[in-house]
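A.B. asks: Provided below are the primary sequence and the corresponding predicted coordinates.
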Amino acid sequence: MTASAPAKSSKVSAPVKVLIALVLAAIVGLALTAYDQALALKIADVLRPIGRLWLNALQMTVVPLVTALVIVGVNTASNAAASGRTARNAIIVFLVLLVGSAAFSAVITPLLLDLLPRDADNIQAFRDALRSPATAATPPSAAQWISSLIPSNALAAAASSAMLPLVAFAMFFGFALSRQERDRRERILDIIRIIADTMITIVRWVLWAAPVGVFALVFVVCAEVGMSILGVLGYYIVLMCVIYILITLLLYVVARFAAGEPFGRFARALVPVQVIAGSTQSSLASLPAMIDSARNRLGYPPALTSLVLPMAVSLFRITSPAQYIAVASFIAWLYGIDVHASQYAVAVLLAAAISMGSTGLPGQANFMTNNMPITQSLGLPVEPLGVLLAVDTIPDVFCTIGNATGGVTATGIVARHTVNQPEQDQSSDS
C-alpha cells in the first residue's frame, strides 16, 4: 500500500505492470509446457538466474534500510511523544495495536492454513523451481531467544542478517540519539535519512525491473510446477484478504470496548473513509475523510484529530505487522516448515518494530523490504516473496481499508483517555 495519493497519469502503474508480467509469464509458461515441456524447462534454466539476481538486488538493501528506518522512526515517535500527553497516549495506543495485530496473525494464520489442501509433490516442485532451501533454522529455546535479543556485536548481526538483534540495536541507538543535544542529533539524523533515502532509491531502481524479475520467477515456477501454481497464488490472495477483513472487523470490537463507540454509529461513520481507502489504496488520500468522520460523525475534538490522525498516517498501519506474519506463515506452510511459538514471539516483536519505521515507503518496496526480515528471522526461504509481490495488489485494497479503520479507532481510544486531561496538556498538544 502506498503512503501517498497516486499521481494522475495515463501511464500504467508499477503494480499493474508487475501483475501484467505475472499473467504473461503464467500464460506463456503454461502454454509452452503443454506444447513442449523440454523446451519450457530449457528456457526456465535461462530465466532462473535473472529472477535470482533480481531478488538478490532487493535483499542487499534490507539491512541498511531497515536499520536506518528504525532509527528515524524511533526519533520521530520520541519527538511526537515529547510534544504532550495526547501524543504520548497515541504512541502507546499505536504500539499496543501493532503488537496485537501481529499476535492475532500469528495465531489465526496457521489455523486458516491448516484448512487448505496441500500437495507434497507440487510443493516439492515449487521449491525446486525456485531453488529454495528445504529446512528452517532450528527454533531457539526460551533462554537462547532472550539472550539473542541484544547483540554482542551489531556488525556481526548485520552481516548474518539477524534482524531482531539488529533492530534492537537500532532502537537503542535511536532512543539514545533522541537524548542528544538537538543540533548534534539532527546532523546525525540527516546522515541516517540520507542513507535510508539512498537505499530507497536503489530499491526503486530494482523495482523498475520488477516486471522482468517477476516474469522470470513466475515462468520458471509455471514451467516446472504447472497449473497448480495458480491454485497456490489463489490460496495466498484469499488468505491475505481474510486476514485483513478479520482485523478490520476486530477493530469494531476494539472501538466498542476501548473507545466506547456503539457498533452502529462507528460503522456508519467509517463508510466514507473505507470507500475512499479501498478506491485509492492510499492512507494519505483517506486522511481528509478520516478527519471529517472523526470530527463531524464521531464528535472527537478538532485539536485531537488534527494531531492524532496525521500521526497515524505517518507512523501507524494496523495491518502491516499482520501481513508480515501472514506472509511468512504462508511460506512456512508452502514448504512444510513448522514455526514454533518462540519463533513467532520473535517475529511479532520484530514486525511491530519494523512497521513503525517503514511507513512512507512505496507499496512494492514496503512489501519486499519489510517482509524479508520477518521471513529471514523465521529461517524461511525468501525466494517466494518475488512471486507473492506480483499478486499483492488485490489484497492491498482490504489492507488499506483496515489501516484507515485502525487510524480512526486509535483516535477514538486516545480521545476517550485524554478527555479529562489537565488544561496545560491540552495546550501543549494543540
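C.D. replies: Thanks, I have the structure now.
A.B. asks: CA atoms for contacts and neighbours, from now on please.
C.D. replies: Fine.
A.B. asks: For stretch 265-280, buried residues please.
C.D. replies: Buried positions in stretch 265-280, judged by neighbour count with 16 or more other C-alpha atoms under 10 Å: 266, 269, 270, 273, 274, 276, 277, 278, 280.
A.B. asks: what's the closest of the residues you listed to residue 15?
C.D. replies: residue 280 (13.2 Å; C-alpha to C-alpha).
A.B. asks: How much space separates that closest one from residue 16?
C.D. replies: 14 Å (C-alpha to C-alpha, to the nearest Å).
A.B. asks: Go through the buried residues of stretch 265-280 and flag which are in strands.
C.D. replies: Nothing among the buried residues of stretch 265-280 maps onto strands, per DSSP state E.
A.B. asks: Please dump these into TSV; it should also carry distance to residue 93 and pLDDT for every row.
C.D. replies: Formatted as TSV, those follow (distance: C-alpha to C-alpha, whole Å; pLDDT from 0 to 100):
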residue	distance to residue 93	pLDDT
266	18	92
269	21	91
270	19	91
273	20	90
274	21	90
276	24	88
277	22	86
278	24	84
280	26	77
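A.B. asks: Pass me the low-pLDDT residue ranges in the chain, would you?
C.D. replies: Within the chain, the ranges that satisfy pLDDT under 70 run 1-12, 80-83, 131-146, 148, 161, 357-365, 419-430.
A.B. asks: Identify the residues contacting residue 287.
C.D. replies: 309, 310, 313 (C-alpha atoms under 8 Å, 6 or more residues apart in numbering).
A.B. asks: Closest one to residue 116 out of the buried residues of stretch 265-280, please.
C.D. replies: Comparing the buried residues of stretch 265-280 against residue 116 with C-alpha to C-alpha places residue 278 closest, at 27.3 Å.
A.B. asks: Mind jotting down where the helices sit in the stretch 101-250 of the chain?
C.D. replies: Counting by DSSP state H, counting those that start in this stretch, the stretch 101-250 of the chain has these helices, from start to end: 120-130, 142-147, 154-159, 163-178, 182-208, 210-225, 228-258.
A.B. asks: could you dump the third one to CSV, C-alpha only?
C.D. replies: The C-alpha trace of helix 154-159 is given here as CSV (Å, rounded to 0.1, in the frame of the first residue of the first chain):
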residue,chain,number,x,y,z
ALA,A,154,25.9,-5.3,15.9
LEU,A,155,28.1,-5.6,12.8
ALA,A,156,28.1,-9.4,13.1
ALA,A,157,24.3,-9.3,13.5
ALA,A,158,24.1,-7.2,10.3
ALA,A,159,26.4,-9.5,8.4
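A.B. asks: ok, so what distance separates the residue most central in space within the chain from residue 259?
C.D. replies: With distances taken as C-alpha atoms, centre = their mean, residue 320 lies nearest the centre of the chain, 3.8 Å away. Distance check for residue 320 against residue 259: by C-alpha to C-alpha, it reads 22 Å.
A.B. asks: Name the nearest residue to residue 217, ignoring sequence neighbours.
C.D. replies: Computed as C-alpha to C-alpha, 6 or more residues apart in numbering, the closest residue to residue 217 that is not its neighbour in sequence is residue 51, at 5.1 Å.
A.B. asks: Then residue 124?
C.D. replies: In space, and not counting its chain neighbours, residue 124 is closest to residue 335: 7.6 Å by C-alpha to C-alpha, 6+ apart.
A.B. asks: What residues of stretch 63-83 count as buried?
C.D. replies: 63, 65-78, 80-81.
A.B. asks: quick one: contacts of that stretch?
C.D. replies: 87-89, 91, 158, 161, 163, 166-167, 170-171, 173-175, 177-178, 189, 192-193, 195-196, 199-200, 315, 353-354, 356-358, 369-370, 428-429.
A.B. asks: run the last query once more with 6 Å
C.D. replies: Stretch 63-83 has contacts (C-alpha atoms under 6 Å, 6 or more residues apart in numbering) with 87, 88, 170, 174, 178, 192, 196, 199, 357.
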